[in-house]
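> Kindly return the folded structure for what I paste below:
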Amino acid sequence: MPKPHYLETDLMRRVSEDPDLFKWLEAGSLDGVWFLDLENPDHEWYSDRFKRLFGYEPHEIPNTSAWWQSNIHPDDLAPAVERWKDHVADPAVPYDLTVRYRHKRGHWIWVRCRGIAIRENGIPIRFLGAHQDITALKEAELALARRNSELERTTYILSHDLRKPVRHMVGFAEAFAEDYAPILEKAIEAGIITAEEAVDARDMLSEIRHAGQKLEGLMDGILTFARVGEVQEWELVDLGKCWDDAVDDNAPDI
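Down below sits the predicted model:
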């Protein structure tokens, strides 16, 4: 192992000699720590900051493992215990998970819980844990997920409602071009229209069909964009073709 830097050694010594330094570190970067005697599992210590995180004064929470087990969210208890057992058995397995705790006022708060087993001669004898309040972050994450879900639902409805008339437009344009092709030929023969006018008519029908297909593609793109976070596969895009398509779409204006 590399030799510790002298400043690292000096910091460790000063923290061990001056409790105020440890309290400053806890206040500045953590929302509480806890310390467990693995040889006596019922013996546990919670820092004052740990207890105040849940709305309690230090004297209101007993220093026992039973307290956290009765106040953690029921759905999070089993995963927390399982992860703790895995880490104690194998230090290569990190103890790092997000759980919910009941606040004194009754609501739930989200906590990132990390810890490390302290070992002597390879045997775990103590467990040091640290809490970090991530409630605001988690609530923002959940709000964003709900907003994205609403956006996807709204976009789907809008896309579905628009797609039907667009398909009708494309279908009628294709049917008109197919059904009236013989009529155009007869009109040319009868001198009612010129060949150039017939070509223009076919071109206009083709443009209607192309515009409808383009609109369908845009609606599909909007729907995909609305759930972009779920996209698992990506593809290369030919920007030259995108440019040509843009020129074609705006040809009348150009």
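
> For the rest of this, base every contact and every neighbour count on C-alpha atoms.
OK.

> How about residues contacting stretch 27-38?
26, 43-51, 53, 124-133 (C-alpha atoms under 8 Å, 6 or more residues apart in numbering).

> So which of these sit within helices?
26, 48-51, 53 (DSSP state H).

> TSV for those residues, including pLDDT, distance to V81 and neighbour count?
Listed next are these as TSV, based on pLDDT from 0 to 100; distance: C-alpha to C-alpha, whole Å; neighbours: other C-alpha atoms under 10 Å:
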residue	pLDDT	distance to V81	neighbour count
E26	75	24	18
D48	90	23	18
R49	91	23	21
F50	93	19	23
K51	95	20	22
L53	95	21	19
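
> Closest one of the residues you listed to P91?
Closest to P91 out of the ones in helices among the contacts of stretch 27-38 is E26 (23.5 Å), distances taken as C-alpha to C-alpha.

> Could you list which residues are in contact with that closest one?
Residues in contact with E26 (C-alpha under 8 Å, 6+ apart) are 32-33.

> name the helices or strands packed onto whichever strand in the chain runs longest?
Secondary structure of the chain per DSSP state E: the longest strand is strand 108-120. Under the contact criterion of 3 or more C-alpha pairs under 8 Å, 6 or more residues apart in numbering; DSSP states H and E, the helices and strands touching strand 108-120 comprise helix 74-89, strand 95-102, strand 123-133, helix 135-179.

> tell me the average confidence for the third one?
Here the mean pLDDT over strand 123-133 is 92, rounded to a whole number.

> Below-threshold pLDDT in the stretch 151-254 of the chain: ranges please.
Along the stretch 151-254 of the chain, the parts satisfying pLDDT under 70 run over 226-232.

> What's the local residue count around K164?
The local packing of K164 (other C-alpha atoms under 10 Å) involves 11 other residues.

> ok, so what distance separates it from Q132?
Applying C-alpha to C-alpha, to the nearest Å, the value for K164 to Q132 is 51 Å.

> and if you look at V93?
Counting by C-alpha to C-alpha, the gap from V93 to Q132 is 20 Å.

> ok, now L36?
For L36, the distance to Q132 equals 18 Å [C-alpha to C-alpha].

> Looking at those two, which is more packed in?
Using other C-alpha under 10 Å, the more surrounded residue of L36 and Q132 is L36, with 22 against 18.

> Surely that one is in a strand?
Yes - per DSSP: H, G, I helix; E, B strand; the rest coil, L36 lies within a strand segment.

> give the contact list for the closest residue to it other than its chain neighbours.
Using C-alpha to C-alpha, 6 or more residues apart in numbering and skipping the chain neighbours, the partner closest in space to L36 is E44 (4.5 Å). Listed by C-alpha under 8 Å, 6+ apart, the contact partners of E44 are 34-37, 63-65.

> hmm, 10 Å instead?
Applying C-alpha atoms under 10 Å, 6 or more residues apart in numbering to E44 gives the contacts 34-38, 62-67, 126-127.
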